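Novice: give me a model of this one.
(2 chains)
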Amino acid sequence: DAGVTQSPTHLIKTRGQQVTLRCSPKSGHDTVSWYQQALGQGPQFIFQYYEEEERQRGNFPDRFSGHQFPNYSSELNVNALLLGDSALYLCASSLGSGRNTEAFFGQGTRLTVV
Amino acid sequence: AQSVTQLGSHVSVSEGALVLLRCNYSSSVPPYLFWYVQYPNQGLQLLLKYTSAATLVKGINGFEAEFKKSETSFHLTKPSAHMSDAAEYFCAANTGGFKTIFGAGTRLFVKA
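Specialist: As a prediction, the model looks like this:
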């Protein structure tokens, strides 16, 4: 089992550009959540996808959008990149989303905006 | 609104010494609580979770945590630190819904 895989591992973009990050969930998982982890901070919830729909969203602007495909993989898109979007983006997958559901995290994508 | 506070952004212990990482939560409803560990350039790994069963929770790698409702705390402990325990530790809470709230993290240093 490959666990949660994210691509790419590192990315450098220029302000104003758009970026797409990808996540393949752990085998058997149907729910994907995305988090932003700025340097020196804890992960901040962006949104969660289940059955190809966004189920809940954190305090992030509409520049952040996502998608889940029928095979449960997911993409995170960020438009009009700002310097402040530089962070480690983590994808977590789970089977369902109950309060005590264990989420498995990928290694993340390190995004640098210059 | 729920929040998670980790006291001490950095903790340093000697190898073999007790590890104590502090976490307090603020929530109007009983939360489910988690501790995660993050090694450099890696994602988060679940150490243990509290789900309203036993208040003393045992996790992987010899870690355990005790839920104290009266103190709204969920501190992480390990009797004897090992060099391999050096990492970033995150306390997290879920009070319902699909969102998990994380603390800012505590970096643990282990001295030989």
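Novice: quick one: the strands in the chain, in order.
Specialist: With no chain named, the answer covers chain A. Along chain A, counting by DSSP state E, strands occupy A:5-7, A:10-13, A:19-24, A:31-37, A:44-50, A:53-57, A:64-68, A:74-78, A:87-94, A:104-105, A:109-113.
Novice: try chain B instead
Specialist: Going by DSSP E, chain B shows strands at B:3-7, B:10-14, B:19-26, B:32-38, B:44-50, B:56-58, B:64-68, B:73-78, B:87-94, B:101-102, B:106-111.
Novice: Throw the ones you listed into CSV and include mean neighbour count, thanks.
Specialist: The C-beta positions use only the backbone N, C-alpha and C, and glycine is treated the same way. Formatted as CSV, the strands of chain B follow (neighbours: other C-beta atoms under 10 Å in any protein chain shown):
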stretch, mean neighbour count
strand B:3-7, 17
strand B:10-14, 14
strand B:19-26, 19
strand B:32-38, 24
strand B:44-50, 20
strand B:56-58, 14
strand B:64-68, 18
strand B:73-78, 21
strand B:87-94, 24
strand B:101-102, 22
strand B:106-111, 17
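Novice: can you tell me which of those is nearest to residue A:71?
Specialist: Of all the strands of chain B, strand B:44-50 sits nearest to residue A:71, with 23.7 Å by C-beta to C-beta.
Novice: that closest one vs strand B:64-68, what angle?
Specialist: 50 degrees (axes from the mean of the first three to the mean of the last three C-alpha atoms, to 10 degrees).
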